[in-house]
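J.: What would the 3D arrangement of this be:
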Amino acid sequence: MHSPPRACAPVDVIAARSRERAIYAALFLAALVPRALYLLRARPAVENYQWALAGSLLTDGSLSVDGMKTTAYEPLYPLFLAGARLLAGDHFTLVRVIQCGLGALGAVLLYRLTTALSGRSRAGVIAALLYAAYPLLIRYAVDLSDTTLTAVLLVGFAGALVTAGTARRSAGAGAWLGFVLLTRTMALPLVPLGAAIQWRTRGGRAAAAFTATSLLVVAPYFVRNHRLNGAPLPTRSGLNLFISNCDHTAFVLPDHGPDILEDYAASLLDRDGAVTGPASPARERAEDRAYTRLALAHMAADPLGTLAQKLRNIWYFFSPTLTPSSDPTAGPSFHLDAQARFTIENSRPRPILDRLAYTASYVPVVVLALLGVWIRRRDLRGAAILGSVLATFTVVHAVYFPTTRYRAPVEFVLLVYAAVALDHRLPGMQPQR
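T.: A predicted model of the protein is given here:
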C-alpha cells in the first residue's frame, strides 16, 4: 500500500519562517535595550549642523544653512532627522530613541549577512549579539551624527550584494549603496568595486543593474548640486583635505581631530583674499577649490612626509586607543601666534570609562576577527565586498580624518569574522545551511 503524499511541507516552511521572525525580533530587542539604557546616562544632545539642516528641510524643504542653500553636506541623515522630528517633535530624547531603533535594525541585518556568508545561523546570531553589545556602536547610536545610519546602510548593502543571485537582486543591492552615498559620498569607490564583484560572480547584466541603480538613487542629489554651483559632489572635501594635510596636522593628531583647524584654515583664505563675495553655493565651490589647491601644494612640497603621515593615519584609524585621545565635547580650540607657535585650549582627556570600554572590547574583537579570516581564508573571494568596504574607508580616512568615529560604520566587518571564529571554537555543531 502506497503512503499518501506528504502534506506537511508547507507547514514546515511556515514554521521555519515563524522561527526566523522570532529570531529577528529577539535580536532587535537585544540591540535596542543596551542602546536605550545608554541613552539614560549619555550627555544631553545639543543642536549641531545636522539638526539645523533637518530644521531647514522642515521649514522650507531645502538643505540650507542660515537661510542659504548649501552643497556641502549629504541629505539623507538630515532627512532622517527631519522625519524623526515629525514623529517626535523637537525633543532630542525622543529623536535619539528613534535613532536607537534604527541602530538596532543593524543587528538583524548583520545576522542575515553573517548567516549568508558562513552558511551557519549560529554564526549569524553571534555576530548580531556582538553588534548588540559593542560599546563603540552603542555610543554612536545616541549621537546626532550620521554614524549609525551609515553603519546600518552598509550592513544592508553588503548583505544584499552577497545574496544577489539575480539581476533584480543586484539592482536592490545598488539601491542600498545609493542610500549609503546619500549619507557619505566618500563611499563612491564602492560603485566600481561592487560592479567588478558582480561582473566576476554573476555576469555583466547583474553588474550593469547594480551600477545603474546605485547611480540612479544618488543622481537627483548630484543634479541638484550641479544646478546650484556646477559641482555634483559635496563642496566640503577641499576643507577636509586641507585640515588633514597642512603644516599643523601632524602636531594635532592623534590627541585632537583635525577639525579644530577649521578656523585656522578660514583665516588663511581671508588673509590671501583668494575667495570673496557673499555666502552662496558659488562661494562654497570657490572655497572648496582653494582649499584643495592649498592641500595639494602642501602634499607635493613634502611627499615623504605626506606618505609618513598617511601611514600613521592608518594606525590611528585602527588604533586600540580612541582617536582623538582628548574629549571633543570639551570644545578644544587651536590658536596660532605671530611667531607661528600654537596652543590648544580647553583640552582634557576622554573619560576613563570610555577609554577602557573601547579598548577592552575592540582588542578581543580584532584578535578574533583575524582568526576568523584565517578560518575562512579559502572563501575570501566570496566575501570580497567586506574587504572592499574596509579598504575604501581605510584609504579615504588615511587621506582625510583617521578618527575612531569614522571607523565605526565598518566595524561590522570585524564582527562578522569574530563571530566566525567564536562559532568555530564554541562546542556544538549544526548542519551547514
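
J.: so how far is the longest helix along the chain from its chain's centroid?
T.: Across the chain, the longest stretch assigned as helix under DSSP state H is helix 9-41. Mean-position distance between helix 9-41 and its chain equals 24 Å (C-alpha atoms, centre = their mean, to the nearest Å).

J.: For that helix, name the packing helices and strands.
T.: helix 92-118, helix 121-133, helix 135-141 (3 or more C-beta pairs under 8 Å, 6 or more residues apart in numbering; DSSP states H and E). C-beta: built from backbone N, CA, C; applies to glycine.

J.: got CSV for those helices, with mean pLDDT and mean neighbour count too?
T.: Shown next, in CSV, are the helices and strands packed on helix 9-41 (pLDDT from 0 to 100; neighbours: other C-beta atoms under 10 Å):
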stretch, mean pLDDT, mean neighbour count
helix 92-118, 96, 23
helix 121-133, 97, 24
helix 135-141, 96, 23
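
J.: now those in JSON lines, with distance to A209?
T.: Formatted as JSON lines, these follow (distance: least, C-beta to C-beta, whole Å):
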{"stretch": "helix 92-118", "distance to A209": "19"}
{"stretch": "helix 121-133", "distance to A209": "27"}
{"stretch": "helix 135-141", "distance to A209": "31"}
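
J.: Select, out of those helices, the one closest to R202.
T.: Each of these has some distance to R202 by C-beta to C-beta; the shortest is helix 92-118, at 14.7 Å.

J.: So which elements touch that closest one?
T.: Using 3+ C-beta pairs under 8 Å, 6+ apart: helix 92-118 touches helix 9-41, helix 76-88, helix 121-133, helix 135-141, helix 147-162, helix 411-425.

J.: Could you identify which of those is most buried?
T.: helix 147-162 (a mean of 26; mean count of other C-beta atoms under 10 Å).

J.: Quick one: work out the angle between it and helix 92-118.
T.: Helix 147-162 runs at 20 degrees relative to helix 92-118, counting by axes from the mean of the first three to the mean of the last three C-alpha atoms, to 10 degrees.

J.: And helix 147-162, how far out from the chain middle?
T.: The answer for helix 147-162 is 9 Å, by C-alpha atoms, centre = their mean.

J.: next structured bit after that helix?
T.: Remark: after helix 147-162, the chain's next helix or strand is helix 167-181, criterion DSSP states H and E.

J.: Average pLDDT for that following helix, rounded please.
T.: For helix 167-181, mean pLDDT rounds to 96.

J.: angle of it against helix 147-162?
T.: Using the same axes, to 10 degrees: helix 167-181 against helix 147-162 is 160 degrees.

J.: quick check: domain ranges of this structure?
T.: By the assignment in automatic domain parsing, the chain contains the domains 13-231, 237-345.

J.: Which of those has the lowest mean pLDDT?
T.: domain 237-345 (a mean of 90).

J.: How far off centre is that one?
T.: With C-alpha atoms, centre = their mean, you get 21 Å for domain 237-345.

J.: still on that earlier bit, want to throw the helices and strands packed on helix 92-118 into a markdown table with distance to R377?
T.: Below are the helices and strands packed on helix 92-118 laid out as a markdown table (distance: least, C-beta to C-beta, whole Å):
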| stretch | distance to R377 |
| --- | --- |
| helix 9-41 | 28 |
| helix 76-88 | 36 |
| helix 121-133 | 16 |
| helix 135-141 | 26 |
| helix 147-162 | 18 |
| helix 411-425 | 11 |
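
J.: mind checking which of these is nearest S361?
T.: Using C-beta to C-beta, the helices and strands packed on helix 92-118 put helix 135-141 closest to S361, at 5.0 Å.

J.: of all the domains of the chain, which lies closest to S388?
T.: Using C-beta to C-beta, the domains of the chain put domain 13-231 closest to S388, at 4.2 Å.

J.: Looking at the domains of the chain, which is nearest to Y417?
T.: domain 13-231 (9.0 Å).

J.: Just the C-alpha atoms of stretch 215-231, please, in PDB.
T.: Extracted in PDB, the C-alpha atoms of stretch 215-231 (Å, rounded to 0.1, in the frame of the first residue of the first chain):
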ATOM      1  CA  LEU A 215      23.800  55.900  -9.600                       C
ATOM      2  CA  LEU A 216      20.100  56.500 -10.200                       C
ATOM      3  CA  VAL A 217      19.400  56.800  -6.500                       C
ATOM      4  CA  VAL A 218      22.100  59.400  -5.900                       C
ATOM      5  CA  ALA A 219      21.600  61.200  -9.200                       C
ATOM      6  CA  PRO A 220      18.900  63.700  -8.000                       C
ATOM      7  CA  TYR A 221      21.300  65.000  -5.300                       C
ATOM      8  CA  PHE A 222      24.200  65.300  -7.800                       C
ATOM      9  CA  VAL A 223      21.900  67.200 -10.300                       C
ATOM     10  CA  ARG A 224      20.700  69.500  -7.500                       C
ATOM     11  CA  ASN A 225      24.300  70.400  -6.500                       C
ATOM     12  CA  HIS A 226      25.300  70.900 -10.200                       C
ATOM     13  CA  ARG A 227      22.400  73.300 -10.700                       C
ATOM     14  CA  LEU A 228      23.400  75.300  -7.700                       C
ATOM     15  CA  ASN A 229      27.200  75.700  -8.300                       C
ATOM     16  CA  GLY A 230      28.300  73.500 -11.200                       C
ATOM     17  CA  ALA A 231      29.800  70.800  -9.000                       C
END
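
J.: so which strand or helix has R312?
T.: Using DSSP H and E, R312 falls in helix 303-317.
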